[in-house]
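Colleague: Sequence first, then the predicted structure, then my questions.
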Amino acid sequence: MEQFMQLFEGIIDFKWQYLVMYAIGAVLIYLAVKKDYEPMLLLPIGFGAILVNLPLKSIWQYAPEVDQIATNIVQKYPELKDFLVENFHYIFDSGEMLKVEPGLLQIFFNSGILTEIFPALIFVGVGAMIDFTPLLKNPRMLFFGAAAQFGIFFTVLAALLVGKVIPFVNFNLKEAASIGIIGAADGPTSIFVASKFAKDLLGPISVAAYSYMSLVPIIQPPVIRALTTKKERMIRMEYKDVKVSKTVLILFPIVITVIAGIIAPISVPLVGLLMFGNLLRECGVVDRLSKAAQNELSNLVTLLLGITIGASMYYEQFLKMETLVILAMGLVAFIFDTAGGVLFAKLLNLFSKEKVNPMIGAAGISAFPMSSRIVQKMAKEEDPYNFVLMQAVSANVAGQLGSIIAGAMVLALVPWLVTLL
Amino acid sequence: MSEISLAFQLMVYGLAGVFLVLILFYWSIKALVKIFPYKEEEKQE
């Protein structure tokens, strides 16, 4: 009879919350397939969310089994219980130690995300895809890449304040920092920071980061319009086509890695691998490696990253008030990133003879190339002969560097600030 | 010290740090472009 009942284990274990998670997974798949919103990530995330919410959760972990030896050890040395639970996949239940072997997606999660391997490898691919030439031609745009990180830090503050207002939501500084980093508009950086500071919030943070990145064309224009006048949006900018030598293109990733490594050592896994990918691209002698990083490596890691992030969306961790707050905070982060960039450009215009179109500031976020395209589109709407795309692209590329450095700052500063509590 | 005041500190130090690093990037780009200027031969290559 017992064996017969095992046939229906899935039905017996079924919970209504699974249905909600299937609906959420389906929405993500719908957005990917029908709306083309970051399909490379939202589709695997959506499917991963469905997979992990199937009864028995076997894709994440195998059924617990009593380990008599571990049970005897813990009975003799109770102080070892916490050590075994934390480090060796045990759970303690009714005086017995149960071994819970990790399933396929938990193995990916432990070895790819908790070790930072997936986000780091993604950076190699991203680096191989980025052409830094527009930034090298116009390095002044770097400052917009810094200003547009304002949303990250504002959102950390907002997340802590929300915790004081909404009952049942109480983020600590590390969790708030992980939420704020959604404003990096850079999925791998968000995952990198969240995997260090708030593993339980990784699912909602990743979903928010990638969803809002695809919604940049909807989020940014109203913010830009609200903060600029028509006259400002019509400002034309002179573009000097400075030629950049091959030597500069090759030395740039090396120099940046060394500077970042000295000033912010914690940024090395991010900046270093991004620049390694870029060096593969620019050196001109390892075309096969460069193409492999841009295509095979990038695609494979994106696939595994997406489905693994989806698998972190188990209903117990996802169906919480915190998730809604995180999604709302993600929007706040993107809005204030845009505002930070635009207002910084307006501030520069107060002192500079050569006026900057303030919309360029909005392109300082890392969402490449959507943000620069929006700025050009809006400039053209005001003046069909205004061409600011090159400057916007420079700011956008700067945003990619800025977001990584901002992530590194958060990683370096938060553990220190927590000690001041 | 409350977490809110720590978040303010994070904002100040964090943004200052990002600007500082990017200013260094700016000067290093300027220096690189100056030291290794583009030569016409590169176009032919």
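Modeller: Alright, I've got the coordinates. Just so you know, these numbers come straight off a predicted model, no measurement behind them.

Colleague: burial measure for residue 25, as a count.
Modeller: Picking chain A for this. Per other Cβ atoms under 10 Å in any protein chain shown, the neighbour tally for A:Gly25 reads 23. Every residue, glycine included, has its C-beta placed from N, CA and C.

Colleague: Correction: the question concerned chain B.
Modeller: By other Cβ under 10 Å, 25 other residues sit near B:Phe25.

Colleague: again, but for A:Ala363
Modeller: Residues within reach of A:Ala363, counting by other Cβ under 10 Å, total 38.

Colleague: OK, contacts around it?
Modeller: A:144, A:148, A:341, A:371-372, A:374-375, A:392-393, A:395-396, A:399 (Cβ atoms under 8 Å, 6 or more residues apart in numbering or on different chains).

Colleague: A:Ala176 too?
Modeller: A:155-157, A:159-160, A:163, B:3, B:7.

Colleague: now do 7 Å
Modeller: A:Ala176 sits next to A:156, A:159-160, B:7 when contact means Cβ atoms under 7 Å, 6 or more residues apart in numbering or on different chains.

Colleague: Tell me where chain B has helices.
Modeller: Secondary structure of chain B (DSSP state H): helices at B:3-35, B:40-44.

Colleague: now the contacts of A:Ala363: which count as buried?
Modeller: A:144, A:148, A:341, A:371-372, A:374-375, A:392-393, A:395-396, A:399 (16 or more other Cβ atoms under 10 Å in any protein chain shown).

Colleague: Which of the residues you listed fall within helices?
Modeller: Short answer: those in helices (DSSP H) are A:144, A:341, A:371-372, A:374-375, A:392-393, A:395-396, A:399.

Colleague: Now render these as CSV, adding distance to chain B and pLDDT.
Modeller: Output for those, formatted as CSV (distance: Cβ to the nearest Cβ, whole Å; pLDDT from 0 to 100):
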residue, distance to chain B, pLDDT
A:Phe144, 10, 94
A:Gly341, 12, 95
A:Ser371, 17, 90
A:Ser372, 18, 92
A:Ile374, 22, 92
A:Val375, 19, 94
A:Ala392, 17, 93
A:Val393, 15, 93
A:Ala395, 12, 94
A:Asn396, 14, 93
A:Gly399, 10, 94
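
Colleague: And the pLDDT for A:Met234?
Modeller: Note on A:Met234: pLDDT of 93.

Colleague: give me phi/psi at it?
Modeller: The phi/psi pair for A:Met234 (degrees, to the nearest 10) reads phi -90, psi 0.

Colleague: wait, it sits on A:Val388?
Modeller: No. With contact defined as Cβ atoms under 7 Å, A:Met234 does not count as touching A:Val388 (10.3 Å).

Colleague: Show me which of those two is the more surrounded one.
Modeller: A:Val388 (25 against 14).

Colleague: Quick check, the more buried one in contact with A:Lys380.
Modeller: No. With contacts counted by Cβ under 7 Å, A:Val388 stays clear of A:Lys380, the gap being 8.9 Å.

Colleague: Give the residues shared as contacts by the two.
Modeller: Here A:Val388 and A:Lys380 have no joint contacts, going by Cβ under 7 Å, 6+ apart.
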